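[1] kindly return the folded structure for what I paste below:
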Amino acid sequence: MNEAELKELVMPHEGEMFGRVIKLVGGDNVIVKCTDGKVRTCRIRGKIKRRMWIRENDLVLLAPWDFQSDKADIVWRYIAAHADKLEQEGHLQGLNK
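    This is a model prediction of the structure:
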């Protein structure tokens, strides 16, 4: 990740939410616990798959699918410093490590 991306703290837009990676399933799929309490199967979008590695317990930003609410696309992965900051600001209710 370059310095510009480190400075930028991406916040969820409408229809997006935070989630914590529970398990890597294989391929480009992961199981994520979301801030709304649901556990979803998420797909790592190609743009992110090539740019950042996603591991268990990572904080991610995801966009649930309109037509299948138990699935979502991972839009962004937060670095540890940003995850800590979001947790201190109280954005991660319902997500514990």
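[2] for the residue sitting nearest the centre point of the chain, name its beta-bridge partners.
    When CA atoms, centre = their mean is applied to the chain, the residue found nearest the centroid is Val60 (1.5 Å). Note on Val60: beta-bridge partners by DSSP bridges are Gly19, Arg77.
[3] is it correct that it is in contact with Arg45?
    No. In terms of CB atoms under 8 Å, Val60 does not count as a neighbour of Arg45; the distance is 10.8 Å. Placement of C-beta: from N, CA and C, glycine included.
[4] shared neighbours, these two?
    Common contacts of Val60 and Arg45 (CB atoms under 8 Å, 6 or more residues apart in numbering): Ile74, Val75.
[5] quick one: the strands in the protein?
    Secondary structure of the chain by DSSP state E: the strands cover 17-26, 29-34, 39-44, 59-64, 71-77.
[6] need the ones you listed in TSV (columns: distance to Trp53 and mean pLDDT).
    Below are those laid out as TSV (distance: least, CB to CB, whole Å; pLDDT from 0 to 100):
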stretch	distance to Trp53	mean pLDDT
strand 17-26	10	92
strand 29-34	11	94
strand 39-44	10	93
strand 59-64	12	93
strand 71-77	8	93
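[7] what about Trp76, how many neighbours?
    As a burial measure, Trp76 scores 20 neighbours (other CB atoms under 10 Å).
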